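Q: please find the sequence and the predicted model below.
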Amino acid sequence: VDLKAGETGVLSVDLAADDLRVAFSTEGGESGVVSLTSNRVQLRFARQLGPVLWIEFSPDGERVAAASLDGTLRVCNAGDGRELVTLRNESEPAGLVRWDASGKRLLSSTSNMVFEKFDRGSSNDVFVWNADSGALLRRLHGHTGAIRSIECSRDGRRVLTSSSDGTARMWDADTGVELWSTRAPGDTGSRARFSLSETSVAFAYDPGVLLLDARTGTVLHTLPNAGERRVADVDFSPDESLILAVSQDGVARVFQTSDGACVAVYREHGKIPFGRFCGAGERIACLGGNAVHVWRCGARTLPITLAERGDMRAPEALVRADLDAHGAFAVTASAEGCVRLWEVDGPSSASSVVSRGAHVVCASFDPGGERMAVVRVDGSCEIRSGSLWTSADSRSAPSAVLTCARFSSSGKLVCAGAEDGRLWL
């Protein structure tokens, strides 16, 4: 599918859970919904005065929320385009919007954590809105620095935020009352995230991690040597017995949640933007410098051993990387446009070159781990499948300069946005 969605570059896309509609927004203030049954723009929302930085379907797919740099947050009917409510935030830019799990409330902040060039917000608050009436329910006030992360509990009753002011805070979403606030040593904060059970919180700061009780904010353990520079990402193992912390100084560390003990350290990669536990937690994967590092976790009792899995180094600096849902394969894309596939369980660390070409805007696996997509700025898209990803289907978006791409939740569609306002599926 190739259709003209807007006159300016596409900034954000979201695919409905039914795989029949795509919501889009552009730098020129346009937004709307594309029908994939008719392959046409089904409806356009009223044009906004500034770039629409974020657009997202509600959990039931019946509404769309769009956040704009002009300070408005609009909720529209996804069926007929009617504007249901307009939420205005005192002329502050609406940089990010999130639905809670119930679809009854929206959370927004003026900070934009995706497009830094549009991050012009001066407010450090998080706003909770009634998605039906547009009423501002709560203004979560307390942070004195830019918001770095927002998470909502699955039951919608708690909101977890972190800020550059060095604090992580938990709020009652119904009353707006601050349940607790915990300050990191050194007064600098990064990301905060819930564990899977939502009983614990990992709060990254410069240059460590605090393990917090999600109910009280009590510091259970301080992990002060998670890195000599800012901790870029943290992750819990599925059984919550371990925390992985990766930092910008090229160090990955694994800690036990029971006592905060550091049980594994890996050094000598470049800057690490992310790290993840894979599968049931038996593997750890980090992207660093020109390599994807995958380790195999040993027994859960001390000492844990991480046998480095081949140090899968590529000769080019990497700009994209992803692992499949099973942690068995990795795909990487270099700054030079070379895409490589790595078999994590293979007998050696050798990689196979999938393709070479223009700059890669997306190299990822679908949520189910059945397909792999490589999308390039020149409009080419390659979909691979099969046991060793050898079955390939190549498509092209002629004369398109692609800017973003993502899989649908079902993994059956890839949607890409172009610099000229077109959408490709």
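A: Yep, that arrived.
Q: when you work out contacts or count neighbours from here on, use the C-alpha atoms and nothing else.
A: Fine.
Q: immediately after the one helix or strand in the chain whose mean pLDDT sits lowest, which helix or strand?
A: The least trusted helix or strand in the chain, going by mean pLDDT, DSSP states H and E, turns out to be strand 306-308, with a mean of 54. Sequence-wise, the next helix or strand downstream of strand 306-308 (DSSP states H and E) is strand 318-323.
Q: so what secondary structure elements neighbour whichever helix or strand comes after that next one?
A: Per DSSP H and E, the first helix or strand lying C-terminal to strand 318-323 is strand 329-334. Here strand 329-334 touches strand 318-323, strand 338-343, strand 360-365, going by 3 or more C-alpha pairs under 8 Å, 6 or more residues apart in numbering; DSSP states H and E.
Q: give me the sheet partners of the very next helix or strand once past the last one and which way each runs.
A: Which is strand 360-365. Once strand 360-365 ends, the next helix or strand along the chain (criterion: DSSP H and E) is strand 372-376. In the sheet, strand 372-376 lines up against strand 360-365 (antiparallel), strand 380-385 (antiparallel) (DSSP bridges).
Q: how far is the last one from where the chain is centred?
A: Just to be clear, that refers to strand 380-385. The chain centre lies 22 Å from the centre of strand 380-385; the measure is C-alpha atoms, centre = their mean, to the nearest Å.
Q: what's the angle between the helix or strand following that strand and strand 372-376?
A: Per DSSP H and E, the first helix or strand lying C-terminal to strand 380-385 is strand 391-396. Interaxial angle, strand 391-396 versus strand 372-376 (axes from the mean of the first three to the mean of the last three C-alpha atoms, to 10 degrees): 30 degrees.
Q: would you mind finding the most buried of the strands paired with strand 372-376?
A: strand 360-365 (a mean of 26; mean count of other C-alpha atoms under 10 Å).
Q: now the angle from it to strand 338-343?
A: 10 degrees.
Q: please renumber the chain so that the first residue is 57 from this point on.
A: Got it, the first residue is 57 from now on, which makes the last one we talked about strand 416-421.
Q: tilt between strand 416-421 and strand 374-379?
A: 20 degrees.
Q: report how many residues lie close to the spatially closest residue to F113 that is not a sequence neighbour.
A: Leaving out its chain neighbours, the residue that sits closest to F113 by C-alpha to C-alpha, 6 or more residues apart in numbering is V120, at 4.5 Å. A count of nearby residues for V120, using other C-alpha atoms under 10 Å, gives 28.
Q: same question, V141
A: V141, neighbours per other C-alpha under 10 Å, totals 18.
Q: wait, a helix at it?
A: No - counting by DSSP: H, G, I helix; E, B strand; the rest coil, V141 is not part of a helix but strand.
Q: surely it touches N186?
A: No - taking contacts as C-alpha atoms under 8 Å, V141 lies outside contact range of N186: 9.5 Å.
Q: thinking again about what came up before, any chance of the helices and strands packed on strand 385-390 in a markdown table, plus mean pLDDT and distance to E296?
A: Below are the helices and strands packed on strand 385-390 laid out as a markdown table (pLDDT from 0 to 100; distance: least, C-alpha to C-alpha, whole Å):
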| stretch | mean pLDDT | distance to E296 |
| --- | --- | --- |
| strand 374-379 | 77 | 20 |
| strand 394-399 | 84 | 27 |
| strand 416-421 | 88 | 25 |
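Q: gap between M226 and Q98?
A: Using C-alpha to C-alpha, to the nearest Å, M226 is found at 40 Å from Q98.
Q: ditto for I340
A: On the measure of C-alpha to C-alpha, I340 and Q98 end up 43 Å apart.
Q: swap in C342?
A: For C342, the distance to Q98 - C-alpha to C-alpha - is 41 Å.
Q: which one of those two has more residues nearby?
A: Using other C-alpha under 10 Å as the criterion, C342 and Q98 rank with C342 on top: 25 against 19.
Q: the host helix or strand of that one - what's its average pLDDT?
A: Using DSSP H and E, C342 sits in strand 339-344. Averaging pLDDT along strand 339-344 gives 74.
Q: quick one, the following helix or strand past it and strand 394-399 angle?
A: As assigned by DSSP H and E, the chain's next helix or strand after strand 339-344 is strand 347-353. Angle, strand 347-353 to strand 394-399, by the same axes, to 10 degrees: 10 degrees.
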